[in-house]
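Visitor: Based on what follows, work out the 3D shape:
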Amino acid sequence: MSDTETIVAPPAPQRTPQSARTPKPPWIRVKAPTSEGYHRTRRLMREANLHTVCEEAACPNIGECWSQGHATVMILGEVCTRACSFCNVATGKPGHVDPFEPDNVALSIKKLGLTHVVVTSVDRDDLDDGGSGHFVKVIQRLRAEAPGTTIEVLTPDFLRKDGAIAAVVAAKPDVYNHNVETVPRLYPTIRPGARYFHSLRLLQEVKERDPMIFTKSGLMVGLGETKAEVLQVMDDMRSAEVDFLTIGQYLQPTPKHAHVDRFVTPEEFEELQRYAMGKGFLLAACSPLTRSSYHAGDDFARLKAARAAALA
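Guide: Alright, predicted model coming up:
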């Protein structure tokens, strides 16, 4: 494909809440979770009263990840103050922040014996610091209870929350992830509460404050973006010194959410990965089922190896 070709077909009419979703192609289907490992992880999360983005966002990889004892913990409650049209997390007025959550997270991760953990959250625009202080407490408790576990945070944008990014960076997570989610042209309909260039600036600020923290960001495709737009986002990310890029297929959670413009083929994902590596990312994961925290532990090891090779 040339740079001017579209990676997606022309936009289809917006579906009504009652209309059927686009059938999934064979390469996007996954088996229902049934393993003992899956049920053990689920049980542990329930006992600790923890939420996971795996469940709240209806991730298709939950069976595989939970069967291996991997889970992405979602802190600061299960209700988001934003209403992004791609996201299945509940929207509304959040409750109080659980002061015991940092301890519960740390003890659960210790019990699971994870070597790498991903901690994310809902948007908390209602809090003065956007929830950044809670992220800091979770990181600190993880360091105390599970010192052998590397920590990846996947934060909201902390829009208009002065000092929030600096506070999380100062807590020294091993990976700082923040997703731009889609191309800037689609922000008004897909991510209306966010600002594309603010998200880029967040990622750049992390690098400026601590160059040794790996930075990571992700995109969904299948929403109506063009190939040229995706390549421009890659260039923007590299200008912000982002180390690791993930690209996955958008899946419509319910008929009320943004519709799937089309399903991008595995071959096109492979092409996007070649472009990304050619643009200088230390690592790129591009496939239909790629999600921000999918295989995060293995990817962290690959990131370290890639950095070592680049510095050699």
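Visitor: What ranges does the protein have for its helices?
Guide: 36-47, 53-56, 62-67, 101-112, 132-145, 164-170, 187-190, 196-209, 227-239, 266-278, 296-311 (DSSP state H).
Visitor: name the helices or strands packed onto the fourth one?
Guide: Taking 3 or more CB pairs under 8 Å, 6 or more residues apart in numbering; DSSP states H and E as contact, the helices and strands that helix 101-112 lies on are helix 36-47, strand 72-75, helix 132-145. For glycine as for every other residue, the C-beta is placed from the backbone atoms N, C-alpha and C.
Visitor: what's the answer for the fifth one, then?
Guide: Helix 132-145 makes packing contacts with strand 72-75, helix 101-112, strand 116-121, strand 150-154, helix 164-170 when contacts are defined by 3+ CB pairs under 8 Å, 6+ apart.
Visitor: Check the offset of stretch 163-177 from the chain's centre.
Guide: 16 Å (CA atoms, centre = their mean, to the nearest Å).
Visitor: For it, give the mean pLDDT please.
Guide: Per-residue pLDDT values across stretch 163-177 average out to 98.
Visitor: Mind listing what's buried along that stretch?
Guide: Neighbour counts over stretch 163-177 (16 or more other CB atoms under 10 Å) mark A164, I165, A167, V168, V169, A171, P173, D174, V175, Y176, N177 as buried.
Visitor: now do stretch 217-235
Guide: Using 16+ other CB under 10 Å as the test for burial, stretch 217-235 gives 217-227, 229-231, 233-234.
Visitor: same thing with stretch 248-265?
Guide: Across stretch 248-265, burial judged by 16+ other CB under 10 Å covers 248-253, 257-264.
Visitor: And stretch 119-139, by the same measure?
Guide: 119-125, 127, 129-139.
Visitor: Extract the C-alpha trace of that stretch and format it as PDB.
Guide: Only the C-alpha atoms of stretch 119-139 are listed here, as PDB (Å, rounded to 0.1, in the frame of the first residue of the first chain):
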ATOM      1  CA  VAL A 119      -1.800  -0.600  37.000                       C
ATOM      2  CA  THR A 120      -4.400   1.500  35.200                       C
ATOM      3  CA  SER A 121      -7.400   3.600  36.300                       C
ATOM      4  CA  VAL A 122     -10.500   5.300  35.200                       C
ATOM      5  CA  ASP A 123     -10.400   9.000  34.500                       C
ATOM      6  CA  ARG A 124     -11.100  10.900  37.800                       C
ATOM      7  CA  ASP A 125     -11.600  14.500  36.700                       C
ATOM      8  CA  ASP A 126     -13.500  15.000  39.900                       C
ATOM      9  CA  LEU A 127     -10.300  14.700  42.000                       C
ATOM     10  CA  ASP A 128      -8.000  17.700  42.500                       C
ATOM     11  CA  ASP A 129      -5.000  15.700  41.400                       C
ATOM     12  CA  GLY A 130      -6.800  13.400  38.900                       C
ATOM     13  CA  GLY A 131      -5.900  10.400  41.100                       C
ATOM     14  CA  SER A 132      -2.100  10.800  40.600                       C
ATOM     15  CA  GLY A 133      -1.500  10.600  44.400                       C
ATOM     16  CA  HIS A 134      -3.300   7.300  44.500                       C
ATOM     17  CA  PHE A 135      -1.100   6.000  41.700                       C
ATOM     18  CA  VAL A 136       2.000   7.000  43.800                       C
ATOM     19  CA  LYS A 137       0.700   5.200  46.800                       C
ATOM     20  CA  VAL A 138       0.100   2.000  44.800                       C
ATOM     21  CA  ILE A 139       3.600   2.100  43.300                       C
END
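Visitor: Fine by me, thanks again.
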